[in-house]
Every structure is written in structure tokens, then in C-alpha cells.
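1. predicted model, plus sequence, below.
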Amino acid sequence: MNEYLDLFMGYLAVEKGLAVNTREAYSCDLSRYLDFLEQQGRITPDAVTPGDIASFLIALKDHGIGPRSRARCLSAIRMFHKFLMIESYCDLNPAAIIEAPRTLHKLPEFLDPREVERLLVACAGTSGESVRDLAMLELLYATGLRVSELVNLKLREVNLDVGYLMTVGKGDKERLVPIGDSARARVKNYLEAVRYKLDPQSRNIFLFLSRLGDAMTRQAFWNIIKKRAKIAEIRKNISPHTLRHSFATHLLENGADLRSVQIMLGHADLSSTQIYTHVTKERLKRLHQQIHPRG
């Protein structure tokens, strides 16, 4: 049924306008699903039953796939079969009656300000990689960008003179995000000391480059943050998204209003931002228990 997947991916791109990363996630989940159906002898949309989908989700669980990932996969399957039904490739949506796996809403991991400082100090040095890594980490913490937004940031999208950058987020939506003085200074130093030497003609449109002058990748930056966290002796299991969580949490802890944080994070729904209020409440509760005489 791969021909139907191709049609669906075109629909997501043209009709839904979904971002590339989102479409890739759908494609990955659905390719695995279609492989499973093929093994079961289901080669047409009408042949698929709710039992097939339930069996697929059980197979995912048996392979150690967590409830959140299984729920995401089911969401993709539902949308896929709904598309097939609307386009008259089948009469029913067999995924409509399947319940999503229950997911635990874990509070996001974040660093406290001292841990952020240790992470930045771990980038100390004058080598090109140290200067670049410090600029990337400072900018990520200062703006709360998603890692995909950071590595895809273009030179023309950053205005250090006015202290703003323009980024393209989920759904290809543009937003302006302010840059603090510290991050501006680090990025300026990176541009002058490293970036223009790697690419003196500015042929590469991206802001952050590898030591070979290529565009930075998400995986490469993931390795950078792991390396710097190890140097800083931070024991938390952090990722690039941890600094985004830290950005939002620290803003709210210092009095920022929820709506402003939502705009800076690029959340379409305020409920996505509200999880950070739970983080601050949990932290206040722990602080009260530790310090209050009757906590």
C-alpha cells in the first residue's frame, strides 16, 4: 500500500502544510505500520481491520516502544485511514474505534540557573569549536528555540544590531524572538572569530557551521550538548530541548506572563505552555517541604 502512503504524504505537504520534520515522523511511523500489514497479507485499505491495528500496537509494545510513541503512531494511522476514506479508497476508518495508549504526563526536565552557568563555562576556550558551542548554547537558552529551529537558523534571520531573530517553527509559522545581550555578544564573537573564516564568501546560508564548513545537524548538536554536559558534570539526562524547557521555566519563575512565553516558544495552543506553570508549582512545593519548619 505504499502508493497510498505517497498520496497521503503529498496531502500533508500541500493541503495540511505540515513542516518537513512532522511529515518525516508520519512517514516513519506509517512505513513501519504498512510493513506490518504486508506481513499480515493486508494489501488493500478495505482489508484492514481494527484488530490488525490493535495487533500492530501490541507488537510495538513488545518491541519496547513506549506509550507516548505508540499514541503518536496511532494518531498517524487514524489520519492516514481518514484520508483514505475521504478519498474513497475505503468505506470505513478501522482506526477510529481504537483507544490511544495511556501516557503519563511527565514534567519536563530543566536546569537551574547554576547548572546553566556550569554548562556554559564548560565551553570555555578559544578554539573554533568552543567559541561556536558557547554561541549555540547561549542562543538556545536565551531564545528557547527548538533544536531544529536553531540548526536551521540562517545568517539573514539574525539581527544583532536590534537584538532579534526570525525563525520558522512548526507549520512553517514565522515568529520574532528577542536575543539578550550575553547571547548577542557570544554570537557576534562566533561570527567574527570563527564563522567568517570557515566561509569567507558567505556561500553557506546557515548561521552555525561544522568545523568543515557544512551546516550543523540536529544529531551533531545533540552530541555537542552531551559533551559539554559531561564536562560540566551535570548528571541530569539533558538534551537540546532541556535548554528550551529551562528558558520557559526561568521566565515564568521571574514573573513573565504565560501569553508572552507562549509567543516566544511558538506554541499554537496555550495549553502547551501551561505545563511550565506545573513545573514551577512543583518546584515551589519541594522548596516549601525542604525549608518550612512544618513542611
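-> Perfect, I can see it now.
2. outline the domain layout of this protein.
-> The chain resolves into domains spanning 2-86, 113-291 when parsed by automatic domain parsing.
3. want to throw those into CSV with mean pLDDT and distance to Pro94?
-> All C-beta atoms are positioned from the backbone trio N, CA, C, and that covers glycine. Below are the domains of the chain laid out as CSV (pLDDT from 0 to 100; distance: least, C-beta to C-beta, whole Å):
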stretch, mean pLDDT, distance to Pro94
domain 2-86, 91, 5
domain 113-291, 88, 28
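4. between those domains, which one is nearest to Ala100?
-> Set against Ala100 and scored by C-beta to C-beta, the domains of the chain come closest in domain 2-86, at 4.5 Å.
5. distance between the ends of the closest one?
-> End-to-end distance of domain 2-86 (C-alpha to C-alpha, to the nearest Å): 18 Å.
6. you'd agree Asp52 is up against Glu38?
-> No. Under the criterion of C-beta atoms under 8 Å, Asp52 is not in contact with Glu38, lying 11.2 Å apart.
7. Throw the domains of the chain into CSV and include distance to Ile97 and mean neighbour count, thanks.
-> Putting the domains of the chain into CSV (distance: least, C-beta to C-beta, whole Å; neighbours: other C-beta atoms under 10 Å) gives the following:
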stretch, distance to Ile97, mean neighbour count
domain 2-86, 6, 16
domain 113-291, 26, 16
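8. could I get these in CSV, plus columns for distance to Glu99?
-> As requested, these are exported to CSV (distance: least, C-beta to C-beta, whole Å):
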stretch, distance to Glu99
domain 2-86, 9
domain 113-291, 21
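9. what's the closest of those domains to Ile98?
-> Closest approach to Ile98 among these (C-beta to C-beta): domain 2-86, 5.3 Å.
10. now Ala215. Nearest residue, chain neighbours left out?
-> Closest residue in space to Ala215, ignoring its immediate chain neighbours: Phe206 at 4.4 Å, by C-beta to C-beta, 6 or more residues apart in numbering.
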